[in-house]
Structures are given as C-alpha cells and as structure tokens.
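Visitor: this is the structure alone, sequence omitted:
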C-alpha cells in the first residue's frame, strides 16, 4: 500500500469511528474533550499509520497536537523516541482554501485532517481538509488535491 493511500485511509478510519469515539468522550468540558480527542487520534496514528509506514526504530512526527498523557512526549507508545520521519506533500503548489490562492508548499508538512467552520479549522468530521505547517506558516488544502509522501528527518 502506498503512503498516500495509508494516510488517506487514516482519514476514513477516523470518519467511520468518530460516532463511536463520541460515546466515550462526551464534551462535558472543552479542554478534557480536546485532550481525549488528541490522545485518541495520536494512539490510532501510531498503531495504524506509523506501524504501516515505518520500520524498526523509526517513528513519525506526532499527529496534530499529539498526546497529552505522557508529560515528556507527544507520543502514546515509546514516549522516549523522537520522530525520524514525517509526512509531507508531493505537490509543490496547491490551492490554500483560506487564502484562496495557489501557494508553494515545498517546505510544509502534514499536521492533521480538519474541517472548516466559519473559516476556522476544527477537529470534527468530515475531515475534508488538511492542515499543513512549516516553521513560519500554515495552509489549509483540500484532501482531494494533496498527495502524501514520507520524508526522513
């Protein structure tokens, strides 16, 4: 299975399991809900995507905010390990839906799948956009326009 398919399959997984996840994570407090969501997403990212795309002693960058359950790490498993790989886009230019223009994304990396509400990113279905980040910028692009690849750090 290629990298693009694995990452996009993760989106399908979180879409298909979101309602079940909510049965265990009622938004009684926004902070607790966000922490539980980040932990759940990171745990599944490690088990489903990282395990499929990396080898022994290789680790991906955290998904989104990463987990909050390990004080010294954004990881769920192997909390002492640093990332060796990250997901980036094979595209060199793509349309940013917030800026409403084509942008260069050569040095931007996958952060997470998101949705848009009133021009703001939110972490709820349908997860039809991708948040890309760099050291000094962010972009929001359609999941249908991006092609993912793996990069060694």
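Guide: Yes, it's here. All values derive from a computational prediction rather than experimental measurement.
Visitor: and the helices in this structure, which stretches?
Guide: 3-24, 30-44, 51-53 (DSSP state H).
Visitor: now the residue most central in space within the chain, nearest residue through space, not along the chain?
Guide: In the chain, the C-alpha closest to the average C-alpha coordinate belongs to residue 112, at a distance of 2.4 Å (CA atoms, centre = their mean). The shortest distance from residue 112 to any non-neighbouring residue, by CB to CB, 6 or more residues apart in numbering, is to residue 64 (3.6 Å). C-beta coordinates here come from the backbone N, C-alpha and C atoms, glycine included.
Visitor: number of residues surrounding the one you found?
Guide: 18 (other CB atoms under 10 Å).
Visitor: and it, backbone torsions?
Guide: phi 60, psi -130 (degrees, to the nearest 10).
Visitor: the chain should start at 347 in everything you say after this.
Guide: With the count now opening at 347, the last piece we talked about shows up as residue 410.
Visitor: in the chain, which spans are strands?
Guide: For the chain, the strands defined by DSSP state E cover 431-435, 439-442, 447-450, 455-463, 466-468, 475-479, 484-488, 494-498.
Visitor: residue 452 and residue 413: what is the separation?
Guide: When distance is defined by CB to CB, to the nearest Å, residue 452 is 29 Å away from residue 413.
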